[in-house]
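S.K.: Just a sequence and a predicted model for now, questions to come.
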Amino acid sequence: MRTVRHDDVPDQPWRNGGGTTRELHRDERWRLSVATISADGPFSTFPGVTRWFAVARGELVLDLDGAPQDVGPRAVLVFDGELPVVAHPEGEVLAVNVMATSPPGITVVGGRYAGGSAVAVVDLDTLQAHFEVARGDLPALERAVVILEASDVAVPRGRSRSRGSVHRLATD
């Protein structure tokens, strides 16, 4: 298992100049970063990319293609990267952002992490990212974003991963 601490990675300006990010991982399939958002403004668009977005600290409303979405501490928002998105933070917000080429070979879930294997686990309280996690490598976490191989996750019958949908995280 490899661990990257948020505080050990330098800030980089957003492509559109509206915020900063700390990139914790990037490869040919996906990217993991933690963004600091402190003012209203648009996100950059990324055609051909699926995005997952979770707030680690603060409160935020995202205007997603004209529809406001509250992205509080118990929500993960998944949306197409080409959609127009405008952020409306209440003070400074730290948010975990996962981007993958479409169709993504990964999926992202959140909430309580019970200790299973994963491509990566981000502790939303410490902002440490752990990669190539095997069962038993980490203790249970109350608030986490977990990145899994898409083939390891079943979507219940009648459900789809729809564009721009909000997925509420489990509270236990």
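M.R.: Received, thanks.
S.K.: show me the contacts for the closest residue to Asp125 other than its chain neighbours.
M.R.: Leaving aside its sequence neighbours, Asp125 sits nearest to Arg143 (Cβ to Cβ, 6 or more residues apart in numbering; 5.8 Å). Where C-beta positions appear, they are placed from N, C-alpha and C, glycine not excepted. The contact partners of Arg143, taken as Cβ atoms under 8 Å, 6 or more residues apart in numbering, are 56, 73, 110-112, 123-125.
S.K.: Narrow those to just the buried residues.
M.R.: For the contacts of Arg143, burial is judged from neighbour counts taken by 16 or more other Cβ atoms under 10 Å, and it is met by 56, 110-111, 123-124.
S.K.: so can I have a markdown table of those residues showing distance to Arg2, secondary structure and pLDDT?
M.R.: Formatted as a markdown table, these follow (distance: Cβ to Cβ, whole Å; DSSP: H, G, I helix; E, B strand; the rest coil; pLDDT from 0 to 100):
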| residue | distance to Arg2 | secondary structure | pLDDT |
| --- | --- | --- | --- |
| Ala56 | 20 | strand | 94 |
| Gly110 | 21 | strand | 85 |
| Gly111 | 23 | strand | 86 |
| Asp123 | 14 | strand | 95 |
| Leu124 | 19 | coil | 93 |
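S.K.: so which of those comes closest to Asp63?
M.R.: Lowest distance from Asp63 to these (Cβ to Cβ) belongs to Ala56, with 20.3 Å.
S.K.: Any chance of CSV for the contacts of Arg143, columns distance to Glu132?
M.R.: Shown next, in CSV, are those (distance: Cβ to Cβ, whole Å):
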residue, distance to Glu132
Ala56, 22
Pro73, 27
Gly110, 19
Gly111, 21
Arg112, 21
Asp123, 16
Leu124, 20
Asp125, 21
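S.K.: Alpha carbons of stretch 104-111, as CSV, please.
M.R.: Extracted in CSV, the C-alpha atoms of stretch 104-111 (Å, rounded to 0.1, in the frame of the first residue of the first chain):
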residue,chain,number,x,y,z
PRO,A,104,-14.6,4.6,-16.8
GLY,A,105,-12.8,1.4,-15.8
ILE,A,106,-13.4,2.5,-12.2
THR,A,107,-16.3,3.5,-10.0
VAL,A,108,-16.4,5.6,-6.9
VAL,A,109,-18.4,5.1,-3.8
GLY,A,110,-18.4,6.8,-0.5
GLY,A,111,-19.5,6.8,3.1
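S.K.: Next one: Thr50 from Pro13, what distance?
M.R.: 23 Å (Cβ to Cβ, to the nearest Å).
S.K.: Between those two, which is the more surrounded one?
M.R.: The neighbour comparison of Thr50 against Pro13 (other Cβ atoms under 10 Å) goes to Thr50, with 22 against 10.
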